[in-house]
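no FASTA, just this:
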């Protein structure tokens, strides 16, 4: 592609939570404001469709409003991924005036104790919903992302009706990327797969009721035919150091956008070229008849578990019990 559809920009690695599942090493590291503004100008020129401001906690980044103002009225759509703890009425209205497209707030269970156990902060569940109300009242579109973990997978079948009851208009079901082999937070696939198979076909039914949800983007990577996943093809990630990566979860960094223009790096990055090249899959993927449909799945999950992007995705829905 001439340019990615979506760019994730890690503004800071600092965070006011210490979530148990997080891949990011929390530290006081942030992308300098002026280079970040310049990068946004380049993304607009290259006709990137979406920019996701991430962290850490992006609301801790002092230049966030400056970044939003820079692209206000431009063709690029903005989203902030925030835990909501820092949202106030004043900030919500400032985000609205700056033209923010939406806020994505993470949810780790439909019970306060489940969510709070993941974030490590008592009361964070209630603060999340307070933030949703405050942002919505200020005119900022909000949605939640339910990250499926071992501790909350049993709540997933109840999530959809629960979301309707709580007037949540949009929800994403996101996969947990393991931190290491044998990660104890990885949900049981025998429990998860039947839930996905049951609810994925019900999207239109829930749409009519008032809840739009996405499951397939978290567990199906067939958007790019005969390729591994959209990383490095439809999307990329710029870290707080300025280095390019295939996606926010693939912890392999390439060239630095602070040293070279984005267009050049997108077209010539050795890391992105490697990701885009058809991968020589190993393990159970070699003989699998579905290989050309999924390309082996998520390279970030494969890398975290096996240390190799050519290894099988641990979330494989076809042969889940075989390494």
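Arrived safely, thanks for sending. These figures come from a predicted structure and were not determined experimentally.

Run through this protein and note the low-pLDDT ranges.
For the chain, residues meeting the criterion pLDDT under 70 lie at 216-228, 278-280, 291-296, 317-323.

shouldn't residue 2 be in contact with residue 45?
No: in this structure, residue 2 is not within contact of residue 45 by CB atoms under 8 Å, at 11.5 Å. For glycine as for every other residue, the C-beta is placed from the backbone atoms N, C-alpha and C.

Looking only at neighbour counts, state which of these two leads.
Higher neighbour count among residue 2 and residue 45: residue 45, with 13 against 8, using other CB atoms under 10 Å.

so where do the helices sit in the stretch 151-300 of the chain?
In the stretch 151-300 of the chain, the segments counted as helices under DSSP state H, counting those that start in this stretch are 156-165, 189-199, 203-209, 216-219, 262-268, 270-276, 291-294, 299-306.

Mind checking those helices for the one nearest to residue 18?
Closest approach to residue 18 among these is made by helix 299-306 (18.9 Å; CB to CB).

Quick check: the spatially most central residue of the chain vs residue 124, distance?
Taking CA atoms, centre = their mean as the criterion, residue 248 is the residue nearest the geometric centre of the chain, at 6.9 Å. Distance, residue 248 to residue 124, using CB to CB, to the nearest Å: 21 Å.

Could you do residue 310 as well?
38 Å.

higher neighbour count, the two?
Using other CB under 10 Å, the more surrounded residue of residue 310 and residue 124 is residue 124, with 22 against 16.

For that one, list the residues it contacts.
Residue 124 sits next to 17, 83, 85, 115, 116 when contact means CB atoms under 8 Å, 6 or more residues apart in numbering.

Surely the third one and residue 17 touch.
Yes: contact criterion CB under 8 Å: residue 85 and residue 17 qualify, at 7.1 Å.

Now do the shared contacts for those two.
When contacts are counted by CB under 8 Å, 6+ apart, the set common to residue 85 and residue 17 consists of 57, 121, 124.

now the strands for the stretch 1-150 of the chain?
6-10, 50-54, 77-81, 102-107, 141-148 (DSSP state E, counting those that start in this stretch).

Mind putting those strands into JSON lines with distance to residue 159 and mean neighbour count?
What follows is the strands of the stretch 1-150 of the chain, written out as JSON lines (distance: least, CB to CB, whole Å; neighbours: other CB atoms under 10 Å):
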{"stretch": "strand 6-10", "distance to residue 159": "25", "mean neighbour count": "23"}
{"stretch": "strand 50-54", "distance to residue 159": "23", "mean neighbour count": "22"}
{"stretch": "strand 77-81", "distance to residue 159": "19", "mean neighbour count": "21"}
{"stretch": "strand 102-107", "distance to residue 159": "8", "mean neighbour count": "22"}
{"stretch": "strand 141-148", "distance to residue 159": "6", "mean neighbour count": "21"}
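
so can I have a markdown table of those strands showing distance to residue 258?
A markdown table is the format used below for these (distance: least, CB to CB, whole Å):
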| stretch | distance to residue 258 |
| --- | --- |
| strand 6-10 | 12 |
| strand 50-54 | 17 |
| strand 77-81 | 21 |
| strand 102-107 | 26 |
| strand 141-148 | 29 |
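
looking at those strands, which is closest to residue 169?
Judging these by CB to CB, what sits closest to residue 169 is strand 141-148, at 7.0 Å.
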